[in-house]
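Asks: coords please:
(2 chains)
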Protein chains: 2
Amino acid sequence: MASQSGDKLVRVAVDAMGGDHAPHEMVAGAVQAVSKGGVQVLLVGDPQAVQSELAKHDISDLPIGNIPSEGVIEEGEAPALALRQKPKASILVATGLVKQGHADATVTMGSTGAAMAAAAVLLGTIDGIERPALGGPILGMAPNTVIIDLGTNLDCRPQQILSYAAIGVVFVRQMLSVENPRVAILSVGAEAGKGNRQVHETTELLRESGMNFIGNLEASDLPYGKAEVVVCDGFVGNIIMKLTESLGDSIANRIRERLQGKMPDQELEAIAGDIFSLTNAIESHGGGPLFGVQGVSVVGHGRSKADAVALAIGTAKRAVDSNFVENLNAELAQIKNKTGT
Amino acid sequence: MASQSGDKLVRVAVDAMGGDHAPHEMVAGAVQAVSKGGVQVLLVGDPQAVQSELAKHDISDLPIGNIPSEGVIEEGEAPALALRQKPKASILVATGLVKQGHADATVTMGSTGAAMAAAAVLLGTIDGIERPALGGPILGMAPNTVIIDLGTNLDCRPQQILSYAAIGVVFVRQMLSVENPRVAILSVGAEAGKGNRQVHETTELLRESGMNFIGNLEASDLPYGKAEVVVCDGFVGNIIMKLTESLGDSIANRIRERLQGKMPDQELEAIAGDIFSLTNAIESHGGGPLFGVQGVSVVGHGRSKADAVALAIGTAKRAVDSNFVENLNAELAQIKNKTGT
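Replies: The predicted structure is shown next:
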């Protein structure tokens, strides 16, 4: 086994069927992750499909296995309905393994909505959080700035945004090792009082929360790392994430056009790749944990390939190792005491 | 006079005192604009300050004059209060010239809130529009995509967003010469039904509007010109605009670092400048007209220098020449008939 003997392996249930390149890249990424050590992977998916992919790798002695499932929930499907119609779908079986104590975490590149619904229903949400959220450091130029929510809750109440701040604080402390994270709310001006109704109402709660709240941040501040935790509702966060990725792609292409033939191709690709990673930082983590559920569930991009899958498995391992869920529960209980909500 | 004889000059009242570089750059931009011809400029500002700037230029025979004002409304001030406290402020005097028929349009690089308030109070809003809006083609890679609202209304009702669509259609037809503009609403997914409450409610109105409504657009679609008019509320629009500018600056700086010494400085600056204009397209128009007021009022960036001021004066001229306000009134009346609102 490639892992150091004596270490307890983190057991990760990987949704082998979800994502644009499943099961091919999911299996390849899982093999890559277990080869590095520290994790055991349970590939959840159609046995035939998974086995035929596994056969392409040398997995002798590697801690990787297959748990059968039937069907997959696609990106477009309504999660709640799909969960009822496909009770043996890969994401449900994978999440069930965590619930039953057979795995410590799940990883999926499939439907985010399905992952959220499965986690909320099977694992339950943390006290004080109604619905799970997604967040992460999405700007490569500000690798310690975590933006929450990135699109799971599109009509947020101030109370929900307050809980995103608490989630962000725990995430930044645990995963990025920043002791006293600055918390800001995204708005249209830096001055206090600038913002919509949601910003005004949430600001009042944040001021009383006991967190290191520094007020408003404008979108123009985001690339400059002025806060470690930036909260916004999921509608806005999703737009920020997708616009950033798309502008990055578009600018990288323009740079390629302008520099073609003016420098060695390899050098040019390195520069274009640099722009890509500045604007697609989530790819360098493979994915982020669903926030607010009673368990670790890492969700990545549908387009992820093996490298991103392996990184996501690593992210899941780190979240388990650092007791992310337990710490979040404790932090939220503290804030609840302070704001009396 | 530099203008062609026989042409009627468009009379533009320029707020000489508003903006980070006023009055210096405002006056220089005005001189540049009148030198090109077609416009007469009334510089509204402190006579001493304006005259001492004008003295730096050769303005003999140029159609440029000074209208005195007292004080200026700064970016941070509450517009409604400032309007009462500074009744002779430059933006109020300039807008008053339009109301009294002494000018055809105003141009300011000062407080957007003050320009809006002055226009709404003195000129009035168009029937069916409660508050003015701002919009424009903010992405250089999609020069025919106009995004509205960019930050004047932070808590929009569906009815307001519907009116932005109508405004956008007229703007695109008149100013960008696209006959049947595609109208989209910004949301978190391309599929119908994806979005927040505001998107759902506005979508119903847009479907009945008789406009060429194509449904949702994601933020990732914005650089690719998939619609000519994209509507969103001002909170979201402002974030898109500021994030785009800031990412552009940040990426341009990174490119400069990476390519320093690898190509001639001039070539490198041309590439960085290209990225800047891709992500700061509003600068290449100098500014955009306030939408929904009974008159032409062009608002630009506070940081504008002479070139941008001259472009903004040109934008004001085009809006006057194309009867933008009259056409918008007519279009909105038509939509009102169709949606029965």
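
Asks: Backbone torsions only: list them for the residue lying closest to A:Met109 once chain neighbours are set aside.
Replies: In this structure, A:Met109 finds its nearest non-sequential neighbour in A:Gly19, 3.1 Å apart by C-beta to C-beta, 6 or more residues apart in numbering or on different chains. For glycine as for every other residue, the C-beta is placed from the backbone atoms N, C-alpha and C. Main-chain torsions, A:Gly19, degrees, to the nearest 10: phi 110, psi 160.

Asks: Can you tell me the number of residues neighbouring A:Gly19?
Replies: Around A:Gly19 there are 26 other residues, counting by other C-beta atoms under 10 Å in any protein chain shown.

Asks: Which helix or strand lies directly C-terminal to the lowest-mean-pLDDT helix or strand in chain A?
Replies: Ranked by mean pLDDT, DSSP states H and E, the weakest helix or strand in chain A is helix A:282-285, scoring a mean of 70. The C-terminal neighbour of helix A:282-285 among helices and strands, as given by DSSP states H and E, is strand A:288-291.

Asks: Next, the angle from the lengthiest helix in chain A to helix B:234-259.
Replies: Assignment by DSSP state H gives helix A:234-259 as the longest helix of chain A. On the basis of axes from the mean of the first three to the mean of the last three C-alpha atoms, to 10 degrees, helix A:234-259 is oriented at 30 degrees to helix B:234-259.

Asks: is chain B contacted by helix A:234-259?
Replies: Yes - against chain B, helix A:234-259 shows contacts by C-beta under 8 Å from any C-beta of the partner chain at A:234-236, A:238-251, A:254-255, A:258-259.

Asks: What of stretch A:300-319?
Replies: No - judged by C-beta under 8 Å from any C-beta, stretch A:300-319 makes no contact with chain B; its nearest approach is 11.8 Å.

Asks: again, but for stretch A:123-131
Replies: No - applying C-beta under 8 Å from any C-beta, one finds stretch A:123-131 out of contact with chain B, separated by at least 13.8 Å.

Asks: For the most centrally placed residue in chain A, name its beta-bridge partners.
Replies: What sits nearest the mean C-alpha location of chain A, by C-alpha atoms, centre = their mean, is A:Gly288, with 1.5 Å. When bridges are called by DSSP bridges, A:Gly288 pairs up with A:Val299.

Asks: which residues does it contact?
Replies: The contact partners of A:Gly288, taken as C-beta atoms under 8 Å, 6 or more residues apart in numbering or on different chains, are A:Leu134, A:Gly135, A:Gly136, A:Leu150, A:Ile282, A:Val298, A:Val299, A:Gly300, A:Thr315.

Asks: ok now do the residue nearest to A:Met109, which residues does it touch?
Replies: So A:Gly19 contacts A:Glu25, A:Met26, A:Thr108, A:Met109, A:Gly110, A:Gly300, A:Gly302, A:Arg303, A:Ser304 (C-beta under 8 Å, 6+ apart).

Asks: Which one of these is nearest to A:Glu191?
Replies: Of all the contacts of A:Gly19, A:Gly300 has the smallest distance to A:Glu191: 37.2 Å, by C-beta to C-beta.

Asks: The closest one: neighbour count?
Replies: 27.

Asks: A:Ala28 reaches A:Leu54, doesn't it?
Replies: No - with contact defined as C-beta atoms under 8 Å, A:Ala28 does not reach A:Leu54; the gap is 9.8 Å.

Asks: so which strand or helix has A:Ile185?
Replies: Per DSSP H and E: A:Ile185 is located in strand A:182-187.

Asks: Just give me how far the helix or strand following that strand sits from the chain centre.
Replies: Counting by DSSP H and E, the next helix or strand C-terminal to strand A:182-187 is helix A:197-207. Offset of helix A:197-207 from its chain centre (C-alpha atoms, centre = their mean, to the nearest Å): 25 Å.

Asks: same question, stretch A:205-217
Replies: 24 Å.

Asks: for the record, mean pLDDT for it?
Replies: Averaged over stretch A:205-217, pLDDT sits at 94.

Asks: Does that stretch reach chain B?
Replies: No - judged by C-beta under 8 Å from any C-beta, stretch A:205-217 and chain B are separated, with a smallest distance of 10.4 Å.

Asks: Any buried residues in that stretch, and which?
Replies: By neighbour count on 16 or more other C-beta atoms under 10 Å in any protein chain shown, the buried set for stretch A:205-217 is A:Leu205, A:Leu206, A:Ser209, A:Met211, A:Asn212, A:Phe213, A:Gly215, A:Asn216, A:Leu217.

Asks: could the residues you listed go into TSV alongside secondary structure?
Replies: Converted to TSV, the buried residues of stretch A:205-217 look like this (DSSP: H, G, I helix; E, B strand; the rest coil):
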residue	secondary structure
A:Leu205	helix
A:Leu206	helix
A:Ser209	coil
A:Met211	coil
A:Asn212	strand
A:Phe213	strand
A:Gly215	strand
A:Asn216	strand
A:Leu217	strand
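
Asks: tell me which of the residues you listed is nearest to B:Gln294?
Replies: Of all the buried residues of stretch A:205-217, A:Asn216 has the smallest distance to B:Gln294: 33.3 Å, by C-beta to C-beta.

Asks: Correct me if wrong: that closest one contacts A:Asn196.
Replies: No - using C-beta under 8 Å, A:Asn216 makes no contact with A:Asn196, being 11.4 Å away.
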